[in-house]
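Colleague: My questions are about this predicted structure, shown below with the sequence.
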Amino acid sequence: MLAWTVYISFLSALGCFLLPKERPDISRQLALAGTIVAALVGLICAFSYAPVDDNPIVDTVKLSWIPSLGIQYYLAADGISMVMVVLTGIASVAAVLFSWNIEERANEFFGFFLALIGGVYGVFISFDLFLLFVFYEIAIIPKYFLIAIWGSTRKSYGAMKIVLYSFIGSALALIGIMAAFVVSGAHSFELQQLIQHPYTSEFQQWAFPVTFIGFVILAGMWPFHTWAPTGHVAAPTGASMLLAGVVMKLGAYGALRVPMTLFPMGAAMWREELALLAAISIVAGALVALVQSDFKFIIGYSSVSHMGFVLLGLLATTETGLSGAVLQMFSHGILAGLLFAVVGRMVYARTHTRELSQLDGMELGKKLPFAATVFLIAALASVGLPGFSGFVAELHVITGAWSSFSYTAIMAGVGIVIGVAYSMRALLTVFWPSHQGMPPLNNQLLPAITAQEKIGSYLLIGTSLIIGLYPRLILDLVAPSLHSPLLKPLISSVAGAQ
Amino acid sequence: MTSIPWISLMIWMPLLAGIRLVFLSGPNHKQTRHFGMGISLLTSAIGIILWLATRSSGSGEAFAEQFDWIPTLGVRYSLGMDGLSGLMVLLTALIMPFAYAASWRIDHDEPKYFGCLLIIQGSLVGVFTATNFFLWFFFYEISLIPAFFLVRLWGSPGKDRSSLRFLIYSMVGSISLLVGFLALAAATGTFEFATIAELSSNGTLLSVIGSNLGWYDMHLGWLCAVIFALIFFGLAIKVPMIPFHSWLPDTYDHAPTPATMILTGLMSKMGLYGLIRMGIPMFPYAIGKLLTPLLIITVFGIVYSAFAAMGQRNLKRMLAYSSINHLGYCLLGLLALGLATNGEMKLAIHKTSALGGVMLQMFAHGIIASVLFYFANILEVRTGDKVMIDEHGGLRHVAPLLAGTMGLAVFASVGLPGLNGFIGEFLIFKGVFGLVPWAAVMAIPALLITAVFLLGLLQKLFHGPADQSANGFHDLSLLDAILVAPFVILMVVLGFFPHLILDGLNPVINEIISAMRF
């Protein structure tokens, strides 16, 4: 049943392309229906997820595809996949709701949009690494068109940059996957088959960093992150929400699924250097966000900072750290979507400017109180206000990082403090500037917030709140994988090395 | 176990109702304040009943609630009520509806304002009943957000700067507290206050930190000192302890006065409460080591804040410095507990006296300070925002009732025997004198200065020739009188019968003191 998340997305994409260009309303409704049905399928599967004994992987489809190379069409899911599928579902529904104002070539927009979502679902539920790689590549193409056609600020530059980075990353990842396949001699790309093979530590020593960096380029790890802010800013709102919300997660998920699972010894050798890079991502992303003059760039760089938490959690390679990484992937997926929605849809689509100096005089806190409130909640939740998902996630990551490399935990703490600062700066400048009494520069009335925007905001805020108050919804899904043969070697190789 | 989770009800009912009000859109609904007042009163009623129940049974075990919340971090959702929690819940139950009523005539965005008050009420109950750090911190943080907005959106001119300052100080304190406690939790593997206190009491805390939290070659003593310093610093900002106090006078001045009642009456108690739950039982050794410098700072703070209060011309700022001064006595009493006992029974008696005094003083200060700020509010509202003391005079002629009740409150604040402010200060000084005589002696001059400026205040406001501002000044209305009456009665009754609340506290006090063997 889980495979239907992929099929529904691609079928709706096809449907959108076939719809007439003059009727954007039908395309929207089809896109909304498609994403909602796929999200419901994902939710139902996640709630009925029941691993058997110590095997966390639940098979969905397993067909032979290219027998001569041992490639299978193999879709399955463990608890971590389930979390990512649910995230994709919720983020995609919200992204459609915030793309409701797309009029120009709406059928193609939603077509590319749904194709991207289909590819993302595919990555999360592939347990054949070749298939995973195929879906990973499929997801790149729609990104390019979404940015190049419907984007803003330097859109062709941003689109090209994001595609080039993605291709370089996937080339590196492909090298790792192929090497693992050839060396194992198992004649199979199936993850469970590959982990049986005892890769030598000399092999792991080079294969791990190559594959890991290949994947985390897409997760925006410093110093390979520069595509992220540029691409996020250039993209139309719905696409920014997906890019920051789920596409960056593809990189982190891939890094966990492929190099960290296959090459645990390599992970133990390199994790300290890489954890330092992750911690630098957190601090550098936050510092750069602090000095931006474009509202959307602040959020773009904050994504780099928050994804740094995911990577730090992964590289702590303890149970707590890994749980935290998954929690943070989910949390950031929801909250980054919400922040981009406020900046791109609620503010930019109405004011047509993102310059802080111009927004400053518009008294948006009075004109768009809803946007101000949503931004406040999203900003507080993502810097770690207790009660929202960001807090539990960051706490898990920091606890995990502390027990591995305590100085990275301190850097992460510093990153949170800077996070409070840039969020407050954006919030106070855009919505509640302190120099009252100055006549507003631009006194025209702004269009009211639409019902779609409200529903989307409630959906995302509600999700973050539920996970923040009851994180066991995610933690209980993740736990079986942590204790299974998939990740056990990773956690114990590190514990043994210390 | 009771079947109804009373404490959770007391937390979540106002919290959820408050969130609902804050996000109420559309035109301003004045009638929402009745709804909010109802919720607030209902919460308070439960609080008072629970306090009575814990007081008569000596413990609130029956109300404890717990379940596994975040198993990967070992965090439980656990609430409980002992004598101290009960007392603080009682204080919350008394002051919140009072502040609510004092805000009745707020002039814009009523639902949001009253929503903020309800959120504070719920989260304060959470802070005072949580039995582990995670949950405590959760509610602690939640309470800061509405407090920031109360100042920012409804404050007087200058509010932007003060609210930001309040937020930054609070955030820095929170982060310091969080980091310190995470280190402690990483070492002990638990967030529960009681478990960590027990480790400290049986002397294994140091070795546990040493074996689980070795940071490179850092000396164990230094490591413990850093953890203690982080936690202590976080809490000291909140109390506030001089020199971390500079956010307070501005915030108290620019906040709407009912919010100041809450800030001083209740929220400053979160810091002291945290010290009693975390600082004292977990780090008696560290406090003992640093006793002399900490006491010097505290005593200096007490005297300094008294002089600062004397120099103020603005009524609210004077009361703000006076608050710092009164809470300084609490800090003095708490820190003196860190003196090494070396098994001497006599010192344990002094410690019991000091700790009991601290708790009484917390309660007394909550009541007195909120009543004094209520009167400041009346002066402000009825004279058109005149808060400078020099602008008033001779009010006794037109407002005898106000003069009488405010006089009583001021005398209670000065610590006149027979009123509730006296007992706490007396017990603290008695205890501290037995433990660290020089600190007690050096703090005594502050008592005199307090008397000088508070009595001077009374004289200026009420005596002398009737000033222009006295024209058309109304005395306390019936509603005012009804609101103030319970507090005035408490001041007198508790002044004569402190055991009414002290009895319920004895089990906690003995537990903390007897655990401090080293």
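Modeller: Received it, and whenever you're ready, just let me know what you need.

Colleague: how about the residue in the stretch 1-150 of chain B that chain A sits nearest to, secondary structure?
Modeller: In the stretch 1-150 of chain B, the residue that lies nearest chain A is B:Phe138 (4.1 Å; CB to the nearest CB). The way it works is simple: take the backbone N, C-alpha and C, and place the C-beta from them, glycine included. With DSSP: H, G, I helix; E, B strand; the rest coil as the basis, B:Phe138 sits in helix.

Colleague: Give the helix, strand or coil label for the nearest residue to it once chain neighbours are set aside.
Modeller: Closest residue in space to B:Phe138, ignoring its immediate chain neighbours: A:Pro386 at 4.1 Å, by CB to CB, 6 or more residues apart in numbering or on different chains. When classified by three-state DSSP, A:Pro386 comes out as coil.

Colleague: Which phi and psi values does A:Pro386 adopt?
Modeller: phi -60, psi 140 (degrees, to the nearest 10).

Colleague: Spit out the contact partners of residue 72.
Modeller: In the absence of a named chain, chain A is used. Taking CB atoms under 8 Å, 6 or more residues apart in numbering or on different chains, we find A:Gln72 in contact with A:Lys62, A:Leu63, A:Ser64, A:Trp65, A:Asp128, A:Leu131, A:Ser188, A:Phe189, A:Glu190.

Colleague: looking at chain B here, not the other one
Modeller: By CB under 8 Å, 6+ apart, the contact set of B:Thr72 is A:Glu319, A:Thr320, A:Ser323, A:His396, A:Leu475, A:Ala479.

Colleague: just A:Val210 next, same as before
Modeller: Going by CB under 8 Å, 6+ apart, A:Val210 touches A:Leu172, A:Ile175, A:Gly176.

Colleague: what's the answer for B:Ser353, then?
Modeller: Residues counted as contacts of B:Ser353 (CB under 8 Å, 6+ apart) are B:Leu427, B:Lys430, B:Gly431, B:Gly434.

Colleague: check contacts around the nearest residue to A:Glu319 once chain neighbours are set aside.
Modeller: Nearest residue to A:Glu319, sequence neighbours excluded (CB to CB, 6+ apart): A:Leu482, at 5.2 Å. Residues near A:Leu482 by CB under 8 Å, 6+ apart: A:Glu319, A:Leu322, A:Ser323, A:Lys488, A:Ile491.

Colleague: what about A:Thr450, how many residues close to it?
Modeller: 15 (other CB atoms under 10 Å in any protein chain shown).

Colleague: Can you tell me the SS state at the residue nearest to it when sequence neighbours are not counted?
Modeller: Excluding the flanking residues, the one nearest A:Thr450 by CB to CB, 6+ apart is A:Trp100, at 6.8 Å. What three-state DSSP gives for A:Trp100 is coil.

Colleague: before we move on, back to that, which of the contacts of B:Thr72 fall within helices?
Modeller: Judged by DSSP state H, the subset of the contacts of B:Thr72 located in helices is A:Glu319, A:Thr320, A:Ser323, A:His396, A:Leu475, A:Ala479.

Colleague: Just confirm A:Tyr253 contacts A:Ile125, I think it does.
Modeller: No: counting by CB atoms under 8 Å, A:Tyr253 sits too far from A:Ile125 to count as a contact (10.8 Å).

Colleague: which bits of the stretch 151-300 of chain B sit near chain A?
Modeller: Residues of the stretch 151-300 of chain B lying near chain A by CB under 8 Å from any CB of the partner chain: B:152, B:160, B:164, B:167, B:171-172, B:175, B:179, B:182-183, B:185-186, B:215.

Colleague: Show me which of those has the smallest pLDDT value.
Modeller: Across these, the smallest pLDDT goes to B:Trp215, namely 62.

Colleague: Can you report how many residues neighbour whichever residue of the stretch 51-200 of chain A sits closest to chain B?
Modeller: As assessed by CB to the nearest CB, chain B sits closest to A:Gly79 within the stretch 51-200 of chain A, at 13.0 Å. Residues lying near A:Gly79 (other CB under 10 Å) number 24.

Colleague: Please tell me how far it sits from A:Leu482.
Modeller: A:Gly79 sits 9 Å away from A:Leu482, going by CB to CB, to the nearest Å.

Colleague: Which residues are in contact with B:Pro281?
Modeller: B:Phe193, B:Ala197, B:Ser200, B:Ser201, B:Ile512, B:Ala515, B:Met516.

Colleague: out of the residues you listed, who's nearest chain A?
Modeller: Nearest to chain A among the contacts of B:Pro281 is B:Phe193, at 17.2 Å by CB to the nearest CB.
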